[in-house]
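Enquirer: Predicted model and sequence follow; I will ask about them next.
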Amino acid sequence: MQISECLTIVTGLPRSGTSMMMRMLQSGGMEVVTDNIRKADEDNPEGYYEFEKVKEIKEDASWLDGVEGKVVKMASTLLYDLPSDRKYGLIFMKRNLEEILLSQRKMLERKGAEDNIDDEEMRRLFSKHLEEIERWLSEQKNMEILYMDYNDMLRNPQENVSILNRFLDNRLDVGRMIKVVDDSLYRNRKTDVTTALEEEPEDVPGSVKDDEKIKARLSELGYM
Amino acid sequence: MLGRLFKKKSKKVVVLGLDGVPCSLLNRFADEGIMPNMARLRQGGTLCSMTASIPEVSSTSWSTFMTGVNPGRHGIYGFMEVDRNNYSWRFPNFNDLKSRTIWEIAGDNGKRSIVVNIPSTYPAKPLNGMLVSGFVALDLRNASYPDAMYRYLSRIGYRLDVNAGKAVESVDEFTNDIIRTFRKRVEAINYLYDSEEWDLFIAAITETDRLHHYLWAALDDTSHPQHEFLISFYQELDSFIGSFYEKIDSGMPFIMLSDHGFTAIKREVYLNVYLKEKGYLSFNKKEPESFEALDSGSKAFVLDPSRVYIHLKDKFSRGCVDRENYEDLRNAIREDLLLLQIDGERVIRDVFFKEEIYNGKCLPEAPDLIVLPTEGYDLKGSIRKNELIGRGGPFTGGHTRDNAVFYINRPAGCDAPDIVDAGVTVLKLLDIDTDGLDGKPLV
């Protein structure tokens, strides 16, 4: 199917880079579906790109008429409620889970809110959800899915944006999308010491970090 | 137009790897009706027991298959090595392979290859074709060549491997993961087979090995909670083999192979503890994390699973063994190892000196002695253990050198085939000269 002829949905866990992806797609030339009810704040200074009606998709999906070719943001937990008689292009954002947890924790702290679920429980719930939703998605015939890694996007914007553009039928302005990533990168460097950018890149085969991962994988099979 | 009709068809070969599947298990499941497609294939071809590499680990065995030469030439002796200067861990990867792969040789001959999930091919390297690496691949982007492969795999949510660590936390999650990963693998294999141009198609299923490591005990115990799962997994594997074979043009060579056999673990045996007990090895820490804590006076140590290295002065920065004492020491260690018994049973079937089983430019880096266990004894190079013998923890299955699989859909010689012969056979079937390689063609 031509992705450009159906609704594109940016999805993933909260704080996984979905807003940045929405901003990229908007800058690249896609029309976004948003109501701007939730305003920009310190946690998402460029805005949340939310559309309240997606939260009630189970009850009312009428807004899906006429949004073909546009992009909307939706929490991955809501994907199950999408009508199955339509086609969708999904951009599923993935991010290091520890970073997601830390980012959420910081957001809650800034808001002065309390969360009665500890990180460990949250980690378990998120992991379980990701496994379930990925399994479910792999069985959906009406969805074309592109998994994008937030951490990798920040490290290799050129390559990732190129993949993204191909997924969306090569119709977007690549340069403007890369600029959004670069701006996010700059902001992250200034404000967020928890980003993976501060760490050794994960994708350099033979790095110390790789060695640790290999050790762990070998241990799982009884070596080491 | 007429020229095309008369053009000689170029030779093509399809290879399906079944990591860690014993030949006896395929025969048994074929006989019992659990793998009817396997039974059909067996009837129309040759299924024989093959010998794996020494040591019988995936990295060494698959590297031997993919190069058609012995480890003394390709240089992969196991999953890990010790740095000779600072004694830290080093993990050889695809860039450390010292011989050309069969798909590189095929590429030299104008053949295009699709390579899916062959262990020890990480990070992916350019080839005439497409490749996604197998174990221990960490990152899909680095595991894929070219970018189109990455894009496709990323789009379908391809899974590089099962998260085997889950087996300890939740067996249900582990078995779900096995199925999910297997189905994604099959999806990718079918898609690449159908949509790409190729002359050589090589893919491996590795979920079998993960399953065997943790759930081998479920094979014969019908009351085991995962017995049904194990059987149903093999039924699904058989369905895939059957439908995959249906796609293959009649007359096209189809090979299946495994990199080692599997058996029930009677005991894990920690060879470094044995060397400590015999006075060959000591550490300057009670619980060493690596060989950085190796005592300078140590004469030998073991790396997984069964590779003994003499701590030579001219080889290791803190080595203490003079070259003139090398042979005496090797002989003494061999004798001691052969004496090792548990409950009156010999643990060690054989001990080889490196030059007895390897040859080539990588021989100097080879382990000095290589130990082959009696079936059921799982030899380990762990340095954290203090007891000689263990029960195996969560692992119930271990590798065997014997009883690996070699299958081909035509008559073939079953005269003690070795995994080094399998890759050479592939090249021969592609009409490519195999002179200079170590293996002998099996057809």
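Expert: Alright, I've got the coordinates.
Enquirer: Quick check: which ranges of the stretch 1-150 of chain B have low pLDDT?
Expert: Scanning the stretch 1-150 of chain B for pLDDT under 70 picks out B:1-9.
Enquirer: swap that for chain A, please
Expert: Residue ranges of chain A with pLDDT under 70: A:1, A:39-46, A:109-117, A:185-209.
Enquirer: can you give me the strands in it?
Expert: A:7-12, A:32-33, A:71-75, A:88-94, A:143-149 (DSSP state E).
Enquirer: Include mean neighbour count and distance to B:Pro22 when you put these into a markdown table, please.
Expert: Yep, even glycine has a C-beta here, placed from its N, CA and C like the rest. As requested, those are exported to a markdown table (neighbours: other Cβ atoms under 10 Å in any protein chain shown; distance: least, Cβ to Cβ, whole Å):
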| stretch | mean neighbour count | distance to B:Pro22 |
| --- | --- | --- |
| strand A:7-12 | 24 | 42 |
| strand A:32-33 | 20 | 56 |
| strand A:71-75 | 21 | 46 |
| strand A:88-94 | 23 | 37 |
| strand A:143-149 | 21 | 36 |
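Enquirer: between the longest helix seen in chain A and strand A:88-94, what angle do the directions make?
Expert: The residue-count maximum for a helix in chain A (DSSP state H) belongs to helix A:119-138. Inter-element angle recorded for helix A:119-138 and strand A:88-94: 150 degrees (by axes from the mean of the first three to the mean of the last three Cα atoms, to 10 degrees).
Enquirer: wait, does helix A:119-138 make contact with chain B?
Expert: Yes: interface with chain B: helix A:119-138 contributes A:131, A:134-135, A:137-138 (Cβ under 8 Å from any Cβ of the partner chain).
Enquirer: residues from chain A in reach of chain B?
Expert: Residues of chain A lying close to chain B (Cβ under 8 Å from any Cβ) are A:131, A:134-135, A:137-138, A:144-147, A:152, A:156, A:159, A:163, A:166-167, A:202-203, A:205-206, A:210-211, A:213-218, A:220-224.
Enquirer: how many neighbours does residue 30 have?
Expert: Let's take chain A. A:Met30: 20 surrounding residues under other Cβ atoms under 10 Å in any protein chain shown.
Enquirer: not what I meant, chain B
Expert: B:Ala30, neighbours per other Cβ under 10 Å, totals 20.
Enquirer: contacting residues around it?
Expert: Listed by Cβ atoms under 8 Å, 6 or more residues apart in numbering or on different chains, the contact set of B:Ala30 reads B:36, B:38-39, B:42.
Enquirer: How is chain B divided into domains?
Expert: B:13-262+B:400-429, B:267-390 (automatic domain parsing).
Enquirer: Nearest the geometric middle of the chain, what residue?
Expert: Answering for chain A, as no chain was given. A:Met93 (2.4 Å; Cα atoms, centre = their mean).
Enquirer: I was after chain B.
Expert: Centroid-nearest residue in chain B, with Cα atoms, centre = their mean: B:Ser58, separated by 1.7 Å.
Enquirer: So for A:Leu168, what's the nearest residue that isn't a sequence neighbour?
Expert: A:Ile3 (5.5 Å; Cβ to Cβ, 6 or more residues apart in numbering or on different chains).
Enquirer: any idea of the mean pLDDT in stretch B:192-211?
Expert: Mean pLDDT, stretch B:192-211: 97.
Enquirer: Flag every buried residue along it.
Expert: For stretch B:192-211, the neighbour count (16 or more other Cβ atoms under 10 Å in any protein chain shown) marks B:192-193, B:196, B:198-211 as buried.
Enquirer: out of the residues you listed, which are inside helices?
Expert: Using DSSP H, those in helices are B:192-193, B:207-211.
Enquirer: can you tell me which of these are up against chain A?
Expert: B:209-210.
Enquirer: what's the closest of the ones in helices among the buried residues of stretch B:192-211 to B:Tyr407?
Expert: B:Thr208 (14.3 Å; Cβ to Cβ).
Enquirer: coming back round to it: contacts only, for the residue nearest to the centre of chain B.
Expert: B:Ser58 touches B:19-20, B:79, B:119-120, B:135, B:209, B:259-260, counting by Cβ under 8 Å, 6+ apart.
Enquirer: Let's see if you can find the most crowded of those.
Expert: Going by other Cβ under 10 Å, B:Asp259 tops these with 33 neighbours.
Enquirer: what about it, which helix or strand?
Expert: Taking DSSP states H and E as the definition, B:Asp259 sits outside all helices and strands.
Enquirer: Now it. Nearest residue, chain neighbours left out?
Expert: B:Asp259's closest residue in space is B:Ser61 (Cβ to Cβ, 6+ apart), at 3.7 Å.
Enquirer: could you say which helix or strand contains the one you found?
Expert: Element membership for B:Ser61 (DSSP H and E) is helix B:58-67.
Enquirer: any idea how far that helix is from the chain center?
Expert: Here the centre of helix B:58-67 is set off from its chain's centre by 6 Å, with Cα atoms, centre = their mean, to the nearest Å.
Enquirer: After it, which helix or strand is next?
Expert: helix B:71-74.
Enquirer: give me the number of residues near the spatially closest residue to B:Gly242 that is not a sequence neighbour?
Expert: Distances taken as Cβ to Cβ, 6+ apart place B:Asn37 nearest to B:Gly242, at 3.1 Å, with adjacent residues excluded. Using other Cβ under 10 Å, B:Asn37 has 19 neighbouring residues.
Enquirer: pretty sure B:Asn37 contacts B:Asp238?
Expert: Yes: under the criterion of Cβ atoms under 8 Å, B:Asn37 makes contact with B:Asp238 at 4.9 Å.
Enquirer: you'd agree A:Gln26 is up against A:Val32?
Expert: Yes: taking Cβ under 8 Å as the definition, A:Gln26 is a contact partner of A:Val32 at 4.9 Å.
Enquirer: any common contacting residues for the two?
Expert: In contact with both A:Gln26 and A:Val32: A:49, A:71, using Cβ under 8 Å, 6+ apart.
Enquirer: on that earlier part again, pull up the overlap in contacts between B:Asn37 and B:Asp238.
Expert: Joint contacts of B:Asn37 and B:Asp238 (Cβ under 8 Å, 6+ apart) do not exist.
Enquirer: Bridged to the nearest residue to B:Tyr326 once chain neighbours are set aside, which residues?
Expert: In this structure, B:Tyr326 finds its nearest non-sequential neighbour in B:Ile310, 6.1 Å apart by Cβ to Cβ, 6+ apart. Counting by DSSP bridges, B:Ile310 is bridged to B:Ala300.
Enquirer: so B:Ile310 touches B:Asp368, yeah?
Expert: Yes: contact criterion Cβ under 8 Å: B:Ile310 and B:Asp368 qualify, at 4.5 Å.
Enquirer: joint contacts of the two?
Expert: Both B:Ile310 and B:Asp368 are contacted by B:300, B:326, B:330, under the criterion Cβ under 8 Å, 6+ apart.
Enquirer: any chance you could map the helices in chain A?
Expert: A:18-28, A:97-111, A:119-138, A:150-155, A:157-167, A:174-191, A:208-220.
Enquirer: would you turn those into a markdown table with mean neighbour count?
Expert: Formatted as a markdown table, the helices of chain A follow (neighbours: other Cβ atoms under 10 Å in any protein chain shown):
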| stretch | mean neighbour count |
| --- | --- |
| helix A:18-28 | 24 |
| helix A:97-111 | 16 |
| helix A:119-138 | 15 |
| helix A:150-155 | 21 |
| helix A:157-167 | 19 |
| helix A:174-191 | 16 |
| helix A:208-220 | 17 |
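Enquirer: Of those, which is nearest B:Ile408?
Expert: helix A:208-220 (32.1 Å).
Enquirer: Would you mind getting the angle between that closest one and helix B:58-67?
Expert: 100 degrees.
Enquirer: Could you give the separation of helix A:208-220 from the chain centroid?
Expert: In terms of Cα atoms, centre = their mean, the centre of helix A:208-220 is set 26 Å apart from its chain centre.
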